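Participant: structure of the sequence below:
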Amino acid sequence: MNTADFRTVTANLINVFKQYGREERYTNGQIIFIRNEEAKNLYFIQSGLIRVYLPYTDGTERTLCYFSGNTIIGEDAFTCPSLRIVCTNSLFNTHVYKLSADELIRQAMQSKELIRGILSFFMHKITLLHSWIFYAQFPKNEEKLACLLYTLSLSEPAIQLSHHQLAPVTGMSRITTTRILNSFARKGLISVRYKKIEILDRKNLRYIFKDKGFY
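Facilitator: A predicted model of the protein is given here:
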């Protein structure tokens with residue numbers, strides 16, 4: 001399923017969040033939910049950027065991934081027991097609609113199209129999360145970063161992340177991340193600006209990890 005198909009299928013789902021959900025805004029660094037708290041709600045991200053991370057007992061944190069606009073987080077509200085498995089906070093100013101899992105189920109019971117949208121979304125999300133695990137296994141940093149950028153570009157061609165924010169997700173240093181990004185830019189694969197990376201040549205970016213993809 002390509003990005004356009006995904007947005008078409010989930011249009012009804014997004015409308016449910018906006019009609020029955022609660023509109024909320026978060027500032028830079030504000031926590032949205034934390035690990036092990038009760039999970040009741042899902043969040044549709046209208047705009048902004050949300051970091052997903054794990055905190056460790058020594059005070060450090062491990063950034064797992066980022067989610068930008070036009071997606072949903074918080075699906076652990078459907079698990080049993082319903083507990084958060086990760087922490088999230090806002091980067092920049094983030095605009096969301098919060099909807100309870102119970103309300104989403106109530107609305108879905110009245111619409112087969114909404115059920116289809118929910119199932120389509122979660123299949124898309126499973127593929128996306130699979131890719132987060134997948135690219136982390138690459139032995140070469142160029143392949144790892146190419147796979148990350150390619151995956152992010154499936155949702156939005158202009159990636160609103162800085163070198164500093166990309167580095168912890170890939171496990172590379174900021175210096176290494178910057179070096180590889182500059183290399184990609186010289187090859188015409190991407191355009192790098194302040195806190196923004198635009199994908200110019202997705203086909204050849206994909207070619208970097210040609211034999212290891214699953215898309």
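Participant: past the helix ranked longest in the chain, which element shows up next along the chain?
Facilitator: Assignment by DSSP state H gives helix 112-135 as the longest helix of the chain. Using DSSP states H and E, the next helix or strand after helix 112-135 towards the C-terminus is helix 141-153.
Participant: so that following helix versus helix 112-135, what angle?
Facilitator: Interaxial angle of helix 141-153 relative to helix 112-135 (axes from the mean of the first three to the mean of the last three C-alpha atoms, to 10 degrees): 170 degrees.
Participant: pull the distance from the helix or strand just after helix 141-153 to the chain's centre.
Facilitator: As assigned by DSSP H and E, the chain's next helix or strand after helix 141-153 is strand 158-159. For strand 158-159, the gap between its own C-alpha mean and the chain's C-alpha mean amounts to 12 Å (C-alpha atoms, centre = their mean, to the nearest Å).
Participant: and the helix or strand that strand 158-159 is followed by, what's its mean pLDDT?
Facilitator: Counting by DSSP H and E, the next helix or strand C-terminal to strand 158-159 is helix 163-170. Across helix 163-170, pLDDT averages out at 78.
Participant: from the chain's centroid, how far away is helix 163-170?
Facilitator: With C-alpha atoms, centre = their mean, you get 14 Å for helix 163-170.
Participant: where does the most centrally placed residue in the chain land in three-state SS?
Facilitator: The chain has residue 67 as the residue nearest its centroid, 2.9 Å off, counting by C-alpha atoms, centre = their mean. State at residue 67, reduced to three classes by DSSP: H, G, I helix; E, B strand; the rest coil: strand.
Participant: now do the longest helix of the chain: which elements does it pack against?
Facilitator: helix 3-9, helix 11-20, strand 61-68, strand 71-73, helix 101-108, helix 141-153 (3 or more C-beta pairs under 8 Å, 6 or more residues apart in numbering; DSSP states H and E). Quick note: C-beta positions are derived from backbone N, CA and C, even for glycine.
Participant: what's the angle between that helix and helix 101-108?
Facilitator: 130 degrees.
Participant: contact partners of helix 112-135?
Facilitator: 1, 6, 9-13, 16, 64-65, 71-72, 75, 104, 107-108, 143-144, 147-148, 151, 154, 169-170, 209, 214 (C-beta atoms under 8 Å, 6 or more residues apart in numbering).
Participant: quick one on the thing from earlier: residue contacts, the residue nearest to the centre of the chain?
Facilitator: Residue 67 neighbours (C-beta under 8 Å, 6+ apart): 45, 49-50, 52, 73.
Participant: cheers, nothing more for now.
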